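1. Give me a model of this one.
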Amino acid sequence: VQLSGPGSAPVFSVQDDTLLRKRGRRIPGTAYARDPLSPAFHVNLVLGQRFLQTTLLVPTGGPERPGRSIPISFRHTPPLKAPRGATPQQKAAVKEARKYHNLCSIAAEELALLRTHLDETPGGAQRLLIHSVDGGYAKKSFLTQLPARTSVVFRLRKDARLHAYLPPLSRLGRRKYGPALPTPEDFRQDEQRPWQTVKLYVAGQMREVSFNVLEGECLPRGAGDRRMRLLVIKAAGYRSRKGSRLLYRQPAYLGLIGPASPAVEDRVYIQSYIGRWEIEVNHHEEKDELGIGQAQVWNGQSVPRTPALEVCCYAALLLSSIVT
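-> Okay, the predicted model is just below:
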C-alpha cells in the first residue's frame, strides 16, 4: 500500500477472472466454460478451472508511465454442481444456491477483504479505494455489496436501461426509480452536451480523451436504486499508417458507484479503468510464460493452493523489480 502513492491519494485495485485449461473431467473444480479465444460467430466450450484474481495498481513513475498490476489474491471459484445421481430436489437446491454463491458474490467478498486489510494499514482507513471491473460484474450480487469508502468503475452496455435517481423521501409505495432515461448510446449522440478533453496514458503514449459526465443515474438491473454516474467516452480517432484516412475505435460507457470525493477528478476514474488492462498482462505472463495451471495436481487441497503459490512468487518478482 505504501507504493500506491502519497498518504492522501486513492488506492487502485482491479479484479478479473481467468480460466486455466484442463483435460481431465474428474479433476476437482473442473467444469466446461466458454472459451474466451473462440470467434464471435461461434462459441466454443473448453474444460478448465476458474480463478478470480485481485490486484493492486502500483504507479511506476509519473503520469506518462503506466501503473503495474501486483496480484494480491488468486482464488479458486468453481461453479456449484449437483453430485452424480442427485435427486430433483437436490438439483433444485443447487440451482437456488447459485443465486447467492457465484463469481460476483465471491468478488464482493474479496473486495470487502481488501478494504479490511487496507483499513488495518497506517492511514489506510482515510484512503479511497477505486476498484475497476469489466461489464461481467455489473450485477446486483456485486454492486449492492460494496464496502464503505470504496468506489467501483465498471463497463456498461451501450443499450443499458437507465432510470433517474429518486431520493428515498420521494418514493411512494413500491416505486424506487424515477422516469426512464435514454440509453448511454443516445446520450453520446446528443450534440447539445459539451465534451471535456483531458490527456491520459492510453496505448503506450499520452493521448487526448474526450468524455462526458451524467449525474443522477440508476441501473435497476445492476445496482438497484443506488445513485450512479455515467461516464461517456468518445471514440478515439487513429490512422493505421501515415497519410491513411482517419478511423475510429468503439466508444466506451463507464458506470461509477460509490462515495464522490471532491479531491478526485473524473479523469482519475477513467485512468483507473484504462489501467485495468494491466491485469490482462498478468494473465498472459502467468499462464503463457510461467506456466501457471500446468501442474498435474488432483488433490482437492492442491488444486487451489498450487496456482495461488505460483502467483504469489510472480507477485514477489514484480515487487522486487519495482522496489529496486
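2. Which secondary structure state does Gln145 sit in?
-> coil (DSSP: H, G, I helix; E, B strand; the rest coil).
3. what helix or strand is the nearest residue to it once chain neighbours are set aside on?
-> Excluding its sequence neighbours, the residue lying closest to Gln145 (CB to CB, 6 or more residues apart in numbering) is Ala108, at 3.9 Å. No exception for glycine: its C-beta is placed from N, CA and C like everyone else's. Using DSSP states H and E, the element containing Ala108 is helix 103-120.
4. Quick one: mean pLDDT for that helix?
-> Helix 103-120 carries an average pLDDT of 92.
5. for stretch 184-199, same thing?
-> 86.
6. buried ones in that stretch?
-> Residues of stretch 184-199 classed as buried: 184, 187-188 (neighbour count, 16 or more other CB atoms under 10 Å).
7. which among these gets closest to Gly224?
-> Pro184 (18.3 Å; CB to CB).
8. just checking, the closest one touches Tyr253?
-> Yes: the criterion here is CB atoms under 8 Å, and Pro184 meets it with Tyr253 at 4.0 Å.
9. okay, and the common contacts of these two?
-> 156-158, 160, 230, 232 (CB atoms under 8 Å, 6 or more residues apart in numbering).
10. Skipping its backbone neighbours, what lies nearest Gly24 in space?
-> Nearest one to Gly24, counting by CB to CB, 6+ apart, is Thr30 at 6.7 Å.
11. Please report phi then psi for that neighbour.
-> phi -90, psi 140 (degrees, to the nearest 10).
12. and it, how many neighbours does it have?
-> Thr30 has 19 neighbouring residues, counting by other CB atoms under 10 Å.
13. who touches it in this structure?
-> Contacts of Thr30 (CB under 8 Å, 6+ apart): 22, 24, 47-49, 78.
14. What is the nearest of the residues you listed to Gln294?
-> For the contacts of Thr30, the nearest to Gln294 is Lys22 (9.9 Å; CB to CB).
15. nearest residue to Val94 other than its sequence neighbours?
-> Ala82 (4.5 Å).
16. so where's the longest helix in the protein?
-> Across the chain, the longest stretch assigned as helix under DSSP state H is helix 302-323.
17. From the contact counts, what lies against that helix?
-> strand 45-58, strand 68-76 (3 or more CB pairs under 8 Å, 6 or more residues apart in numbering; DSSP states H and E).
18. Quick one, which of the ones you listed gets closest to Ser272.
-> Across these, closest to Ser272 is strand 45-58 (CB to CB), at 7.3 Å.
19. where do the strands sit along this structure?
-> Counting by DSSP state E, the chain has strands at residues 11-21, 31-34, 45-58, 68-76, 129-133, 150-155, 162-165, 177-181, 196-202, 205-218, 228-233, 237-238, 247-248, 252-257.
20. Show me the shaky parts of the stretch 151-300 of the chain.
-> Along the stretch 151-300 of the chain, segments meeting pLDDT under 70 span 238, 246-248, 263.
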